[in-house]
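Q: I would like to see how this sequence folds:
(4 chains)
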Protein chains: 2
Amino acid sequence: MARAVSETHGEILAAAARRFAVTGYRGTSLQDIAREVGCSKATVLYHFANKEALLAELMAPAIGVLRDLDDQLAGRTGTAAQELAAAGFVDLAVRFRREIAVLRGEFPELLCQPAFAHIQEISDRLRDALAGHSDRPGARIAALVLLAGISEACAEFADIPDDELRAALLALVRRAVEPVDAP
Amino acid sequence: MARAVSETHGEILAAAARRFAVTGYRGTSLQDIAREVGCSKATVLYHFANKEALLAELMAPAIGVLRDLDDQLAGRTGTAAQELAAAGFVDLAVRFRREIAVLRGEFPELLCQPAFAHIQEISDRLRDALAGHSDRPGARIAALVLLAGISEACAEFADIPDDELRAALLALVRRAVEPVDAP
DNA sequence: CTACTTTCTGACCGATCGGTCAGGGTCTGA
DNA sequence: TCAGACCCTGACCGATCGGTCAGAAAGTAG
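A: The predicted structure is shown next:
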């Protein structure tokens, strides 16, 4: 009972997104995904070269937006960098809540995979921008707390509407970020 | 070549703490721990009933302090609750950085284990206190962002002295927490 | 009809996981 | 001297993991 072309492909992708978000990448087996779709594990591996490729396709849109943000951030300094980093990351985290949830806690290992090359550097630059490119420990610590906390909050508050969550997070960041010294 | 009583026990505990903090609970095998200690996997399971018991003994001190904080928090309201929750959790997170790192991202599954019963409720109460027992979404979101972010920051900034990290985190929390409405 | 492609599957593979077990070495007290 | 407690280990177990493969089923083009 072969289905229409690429229909199963999308179903597998959707099922994987749901499972990964709940039980994590390592905590979800190909068998789990196949069961949710209603096909065999071999079918999953017919549509995707391997488990890693499945994850890579799942994260691609979010990573694209992150790269765009990184490009826009290049060259900006001080308050302008802080503002863009805050607004850009909050928006990204709210829109890609599920993708963010997938990475929860598995960051270090997943970053070793070629599909996620440079993500570590990009998020380092993002953190640096949110700190206003300051090297004061207080500013760097605040930036990390906020970025990590926002990720966690977006993964957790799945029931809050986008607008409301975005507004609350932005207000929090503006309150919490260490102001840059006037030049 | 049997060693002195309980010497190996402590070495296994220390090795497990190190490995768990880096690669997580699920990402660390008993074989990994045994290799780091320089003994066999069977020896690890001679000293600890199972992998879960090893984790439980590792987390016991941190959990004890968390319970104490929860007790002190009971009954307090408004600003007093916020202050104590902030100071108490920041101190706990800084002191037990490694234990906090272990739980990174594996919270939901680990909480199912009997050794961690009620931890979820305690951290819910802690979050509620930090939000000043307010039900405004902004306050609840800020509290979650801060608690999660602090955990992440403590796990990441292993090189910063306790005092400095604690001061920076406390300053951040005081800036970021939504003030409670005056009664 | 036949020949070919696409989709899908059960059976199987090697590796690794947490955990068990019988037994060997060493120390100690009677 | 010798029995027993303590510490430790190699060999092994069943389960599960990601991944492979030959081939069945169904649609399509000639």
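
Q: gap between the two ends of stretch A:115-124?
A: In stretch A:115-124, first residue to last residue: 18 Å (CA to CA, to the nearest Å).

Q: now do the contacts for A:Ala53.
A: Applying CB atoms under 8 Å, 6 or more residues apart in numbering or on different chains, one finds that A:Ala53 lies in contact with A:Ala115. Bear in mind the C-beta positions are built from the backbone N, C-alpha and C, glycine included.

Q: quickly note the distance from it to DNA strand D.
A: 8 Å (CB to the nearest atom of the strand, to the nearest Å).

Q: right, and the helix or strand after the helix or strand harbouring that residue?
A: A:Ala53 belongs to helix A:51-73 when assigned by DSSP states H and E. The helix or strand immediately downstream of helix A:51-73 is helix A:78-95, counting by DSSP H and E.

Q: what's the following helix or strand after that following helix?
A: Next in line after helix A:78-95, if elements are assigned by DSSP H and E, sits helix A:97-103.

Q: mean confidence for that next one?
A: Per-residue pLDDT values across helix A:97-103 average out to 91.

Q: next, the angle from the helix holding A:Ala53 to helix A:78-95.
A: Between the axis of helix A:51-73 and that of helix A:78-95 there is an angle of 150 degrees, by axes from the mean of the first three to the mean of the last three CA atoms, to 10 degrees.

Q: pLDDT of helix A:51-73, averaged?
A: 96.

Q: quick one: that helix near DNA strand C?
A: No. Interface with DNA strand C: helix A:51-73 contributes nothing (CB under 7 Å from any atom of the strand), its closest point being 12.3 Å away.

Q: measure A:Val94 to B:Ala153 for me?
A: In this structure, A:Val94 and B:Ala153 are separated by 21 Å, where distance is defined by CB to CB, to the nearest Å.

Q: how about A:Ser29?
A: A:Ser29 is 32 Å from B:Ala153, by CB to CB.

Q: neighbour count: those two, which is higher?
A: Set side by side, A:Ser29 and B:Ala153 show unequal neighbour counts under other CB atoms under 10 Å in any protein chain shown, the larger going to B:Ala153 at 28 against 13.

Q: ok, that one touching A:Ala143?
A: No. Applying CB atoms under 8 Å, one finds B:Ala153 not in contact with A:Ala143, separated by 9.4 Å.

Q: now for the worst-scoring helix or strand of chain A on mean pLDDT, which elements pack on it?
A: Least confident helix or strand of chain A, by mean pLDDT, DSSP states H and E, is helix A:107-110 with a mean of 75. Contacts defined by 3 or more CB pairs under 8 Å, 6 or more residues apart in numbering or on different chains; DSSP states H and E place helix A:107-110 against helix B:7-23.

Q: near DNA strand D, anything from the helix it packs on?
A: Yes. Using CB under 7 Å from any atom of the strand, helix B:7-23 comes into contact with DNA strand D via B:Glu7, B:Thr8.

Q: the inter-axis angle of that helix versus helix B:51-73?
A: Going by the same axes, to 10 degrees, helix B:7-23 makes 80 degrees with helix B:51-73.

Q: what comes into contact with helix B:7-23?
A: When contacts are defined by CB under 8 Å, 6+ apart, helix B:7-23 is touched by residues A:108-109, B:28, B:32-33, B:36-37, B:39, B:43-44, B:47-48, B:54-55, B:57-58, B:98-99, B:101-102, B:155.

Q: same check on stretch A:94-112?
A: Defining contact as CB under 8 Å, 6+ apart, one finds that stretch A:94-112 is touched by A:17-18, A:20-22, A:24-26, A:55, A:58-59, A:61-62, A:65, A:93, A:116, A:119-120, A:151-152, A:154-155, A:158, A:162, A:165-166, A:169, B:22-24, B:27, B:104-107.

Q: and if you look at stretch A:124-141?
A: A:69-70, A:73, A:76-79, A:81-82, A:84-86, A:89, A:142-144, A:146-147, A:173, A:177-181, B:153, B:157, B:160, B:164-165, B:168-169, B:171-172.

Q: and it, what's buried?
A: Of the residues in stretch A:124-141, A:125-132, A:134, A:137-141 count as buried by neighbour count, 16 or more other CB atoms under 10 Å in any protein chain shown.

Q: so of the residues you listed, which ones are in strands?
A: Assignment to strands by DSSP state E places none of these there.

Q: what parts of chain A come near DNA strand D?
A: Close to DNA strand D, as judged by CB under 7 Å from any atom of the strand, chain A has residues A:1-2, A:28-32, A:41-42, A:45, A:49-52.

Q: among these, which ones are buried?
A: Buried among the residues of chain A next to DNA strand D by 16+ other CB under 10 Å: A:Thr28, A:Leu30, A:Asp32, A:Leu45, A:Lys51.

Q: mind listing which of those are in helices?
A: A:Leu30, A:Asp32, A:Leu45, A:Lys51 (DSSP state H).
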